[in-house]
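S.K.: Structure here, sequence nowhere to be found:
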Ligand SMILES: Nc1ncnc2c1ncn2[C@@H]1O[C@H](COP(=O)(O)OP(=O)(O)OP(=O)(O)O)[C@@H](O)[C@H]1O
Ligand SMILES: [Mg+2]
């Protein structure tokens, strides 16, 4: 099926953080969760073992959802319903999605997005067209650092949603 090219979303906000342990990465997730609401798409990038799933664990804790956030072996997307009255967290790991866009379509993320927070690992080139508004999180291992627990995290908010959304509060 032919798709129209997604219009380029403008960058509304960007912050950079240095995260020094897995526990602090979870804490970042818990704090970021306070800014999230139904309809939000969060794309997590970074090499294997960067800390994407660890961050998602914190998001799940912050959103107060049911079920352990894991790195699924066979499951590509897992829905974690809210334990309260908040939105469910849909956790997608697109790493094994060799089929690309067609397999992605089978997940019906466009159907669940309005009522969910969707977090996607390895989603580059696969989920951008779901919405113009999205939060891109890039996690880098520190190069040449003496401790291998240091991560540099860049959060970029794209589209109207993220202008004035309080992303800068995460730096405090
Ligand atoms: N600052 C840090 N933040 C996050 N994880 C860290 C940090 N320091 C060390 N780690 C460790 O790095 C690993 C990160 O694993 P995680 O599954 O979160 O990565 P991932 O980016 O999801 O990898 P994959 O691409 O395989 O899904 C964990 O073992 C975690 O304990
Ligand atoms: Mg992972």
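M.R.: That came through fine. A quick note: this is a predicted structure, and the numbers were derived from the prediction, not measured. Ligands and ions are numbered 1, 2, ... in the order given.
S.K.: where do the helices sit along this structure?
M.R.: 22-33, 52-63, 101-106, 109-112 (DSSP state H).
S.K.: which outside residues touch the helix or strand of the chain with the lowest mean pLDDT?
M.R.: Within the chain, no helix or strand scores below helix 101-106, which has a mean of 76 by mean pLDDT, DSSP states H and E. Outside helix 101-106, the residues that touch it by CB atoms under 8 Å, 6 or more residues apart in numbering are 3, 76, 94, 97, 126, 127. C-betas here are computed from N, CA, C, even on glycine.
S.K.: Let's see that with 10 Å instead.
M.R.: By CB atoms under 10 Å, 6 or more residues apart in numbering, the residues outside helix 101-106 that reach it are 1, 3, 76-77, 92, 94, 96-97, 99, 110, 120, 123, 125-127, 129-130.
S.K.: same question, stretch 160-172
M.R.: 9-17, 28, 31-32, 34-37, 39-41, 131-136, 153, 155-157.
S.K.: picking up where we left off before, from the contacts of helix 101-106, which would you call buried?
M.R.: Buried by 16 or more other CB atoms under 10 Å: 76, 77, 92, 94, 97, 120, 123, 126, 127, 130, out of the contacts of helix 101-106.
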